[in-house]
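Predicted model, plus sequence, below.
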Amino acid sequence: MFSIILFLIVLDDAHSVISQCTMTEVKSLLEGCDRLTGLNITSVGGTIVNDHNCDVLLPAQVFLDEPLFQYFMADSKKFYTIILVDPDSPPQVDGEFYLHMLKSNIPGLALKTKESSKTIGIDYRGYKPPTPSRGIDTHRYITLLYEQADGNNFLPTVPSSRNRFSLAKWLLGKNLCGPVAGTQFRLQF
């Protein structure tokens, strides 16, 4: 098991703490919807996944196109990173995922909008639709939203492969806080 916990404390000129940031252990995020809240995902066809139906089972066709990601509690002055992973895609080992999307430098204001079909930001690993194999059990798709402590200056190292992506290792040394929001859905062919 690989875990990471990060505390970022920012001091003002008088050396008073003005903000604090934490990083949640990646493995604990796999424990279900209790730890994944606050994020809305809306498909091009209008299907919504959020706190009220987290872990819903959907047909694979629902998310063929990149959905709209919304976080209504986003700070309009901050920037965010979205990561979409599949922990059930073989041949992963513990702590590895299939990376479906890595998008950064998303303005907080963009996460609050209801009038868009796609969340703006920089696609470091563009959206790849979930594609569970025919006849295989359902797959979980977990979307995590992190706050960028460095504002819009976040330049992540792009994972060399989507397969066997180690989220915990990738997060090391990044100035990301959270996840501040997330949700999960399941798909089957």
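Great, that's in hand.

and Q148, how many residues sit next to it?
22 (other C-beta atoms under 10 Å). Just so you know, the C-beta spots here come from the backbone N, C-alpha and C atoms, and that holds for glycine as well.

for the one 10 residues further on, same thing?
Burial of V158 is recorded as 10 neighbouring residues (other C-beta under 10 Å).

Look up the closest residue to it, ignoring the ones flanking it.
Y124 (4.9 Å; C-beta to C-beta, 6 or more residues apart in numbering).

Which SSE is immediately downstream of the helix or strand harbouring the one you found?
Per DSSP states H and E: Y124 is located in strand 122-125. Using DSSP H and E, the helix or strand that directly follows strand 122-125 along the chain is strand 139-148.

List the strands paired with that following strand, with their directions.
Strands that pair with strand 139-148, judged by DSSP bridges, come out as strand 79-86 (antiparallel), strand 176-188 (antiparallel).

for the last one, which positions count as buried?
Residues of strand 176-188 classed as buried: 176-187 (neighbour count, 16 or more other C-beta atoms under 10 Å).

Could you work out the most separated pair of the residues you listed?
Spatial extent of these (C-beta to C-beta) is set by the pair C177 and L187 at 28.7 Å.

circling back to that earlier point, just put the buried residues of strand 176-188 in TSV and tack on pLDDT.
Shown next, in TSV, are these (pLDDT from 0 to 100):
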residue	pLDDT
L176	91
C177	91
G178	90
P179	93
V180	94
A181	94
G182	94
T183	94
Q184	94
F185	94
R186	92
L187	89
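
T138: which of these is nearest?
R186 (4.4 Å).

I'd say the closest one and P59 touch.
No. In this structure, R186 is not within contact of P59 by C-beta atoms under 8 Å, at 10.6 Å.

Which helix or strand in the chain has the lowest average pLDDT?
Scoring the helices and strands of the chain by mean pLDDT, DSSP states H and E places strand 7-11 at the bottom, with a mean of 36.

With adjacent residues omitted, what lies nearest to D150?
Spatially, and ignoring its direct neighbours in sequence, D150 is nearest to N175 (4.7 Å; C-beta to C-beta, 6+ apart).
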